[in-house]
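1. any chance you could fold what I've pasted below:
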Amino acid sequence: MSMYTVTQLARLSGVSVRALHHYDAIGLLKPAHVGDNSYRYYGRAELLRLQDILFHRELGVPLAKIAELLDAGEEDRLGMLKKHRRALSDRIEQTRSLLDTIDRTIAEIDGGQDMKDADFFKGFAPEKQDEYEDWLAERGGQDMTERIADSKAHLMAGGRDAMEARMAEMAEAEAALAEQFRKGVAIGSAELAPLLDRHRQWIASMWGRDCPPEAYAGMADMYLAHPDFRTHFDKHGEGFLDWLAEAMKQANL
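-> Below is the predicted model of the structure:
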């Protein structure tokens, strides 16, 4: 049976050595054994458990919940896997619809058959946006509801080109911060200040109003509270969200 060191398992799975060490520390993924040389060694059972972990992470399940699921009885795990399969199936159908929309839009731009106006938006998930807005309203009350309405009006007024520019700016701002995270730059370092300010200004542009330090710290708490944000941010690297949230909170101390 093949055995892998933590470095070899990191290369095989794409999970960072730091993340594997963290999984070991919290008891989520223990090595099969530790050698006399203090190296961790992982076997087939550990590979299967890691696959389970990554599967749940892909679907936005928090680490603490993953530990519960993996330690649950087979019946509970089977039910959860069936639920995740339905979620993946729905995602596949939405992706197919989005691909169809992209292909038809490309065809129109190239001079092909005209699309109906409504067809430009097939495959998008307005119910997901509604879910986020309801979640925010529950946390912030009437004042939050009014701020959401103001932000939506601000974004719609700018048109599609402005929205695409904002999303491109978001991707660049996040990528710049993620690069510092992967380099191991410490929270509070001076070199992070302009990158965090860029990210904060992007949030302000989405809101259509200033994003003062206390509001920026509040956004960090919101990111931490919803599993979809963890899925989004940790695609840059396991633990990126926790690092970013703490950096946001300390940005203007």
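
2. need the strands for this structure, in chain order.
-> Applying DSSP state E to the chain gives strands spanning 4-5, 33-34, 40-42.

3. and for the nearest residue to residue 80 once chain neighbours are set aside, the neighbour number?
-> Spatial nearest neighbour of residue 80, chain neighbours left out: residue 69 (5.6 Å); criterion: Cβ to Cβ, 6 or more residues apart in numbering. All C-beta atoms are positioned from the backbone trio N, CA, C, and that covers glycine. Using other Cβ atoms under 10 Å, residue 69 has 17 other residues around it.

4. low-confidence ranges in this structure?
-> Judged against pLDDT under 70, the low-scoring parts of the chain cover residues 1, 60, 72-77, 91, 94-95, 97-161, 163, 252-253.

5. could you rerun that using 50?
-> Within the chain, the set of residues satisfying pLDDT under 50 comprises 124, 126-127.

6. got the domain ranges for it?
-> Listed by automatic domain parsing, the domain ranges of the chain are 4-71, 72-124, 125-250.

7. circling back to that earlier point, dump the strands of the chain into TSV; add mean neighbour count and distance to residue 88 as well.
-> TSV is the format used below for the strands of the chain (neighbours: other Cβ atoms under 10 Å; distance: least, Cβ to Cβ, whole Å):
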stretch	mean neighbour count	distance to residue 88
strand 4-5	18	27
strand 33-34	12	34
strand 40-42	21	26
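
8. indicate which one of the ones you listed is closest to residue 61.
-> Minimum separation from residue 61 across the strands of the chain (Cβ to Cβ) falls at strand 40-42, 21.5 Å.

9. re the thing from before, to residue 232, which of the strands of the chain lies closest?
-> Once Cβ to Cβ is applied to the strands of the chain, the stretch that comes out nearest is strand 40-42, at 28.1 Å.

10. who are the packing partners of that closest one?
-> Using 3 or more Cβ pairs under 8 Å, 6 or more residues apart in numbering; DSSP states H and E as the contact criterion, the neighbours of strand 40-42 among helices and strands are strand 4-5, helix 6-13, strand 33-34.

11. what does it contact?
-> When contacts are taken as Cβ atoms under 8 Å, 6 or more residues apart in numbering, the neighbours of strand 40-42 outside the stretch itself are 3-6, 9, 20, 24, 31-35, 50.

12. mind giving me CSV with the strands of the chain and columns for distance to residue 81?
-> Compiled in CSV, the strands of the chain are given as follows (distance: least, Cβ to Cβ, whole Å):
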stretch, distance to residue 81
strand 4-5, 25
strand 33-34, 28
strand 40-42, 22
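
13. closest to residue 215 out of the ones you listed?
-> strand 40-42 (42.6 Å).

14. paired strands for the closest one, with orientation please.
-> Each strand that strand 40-42 pairs with, and the sense of that pairing, follows from DSSP bridges: strand 4-5 (antiparallel), strand 33-34 (antiparallel).
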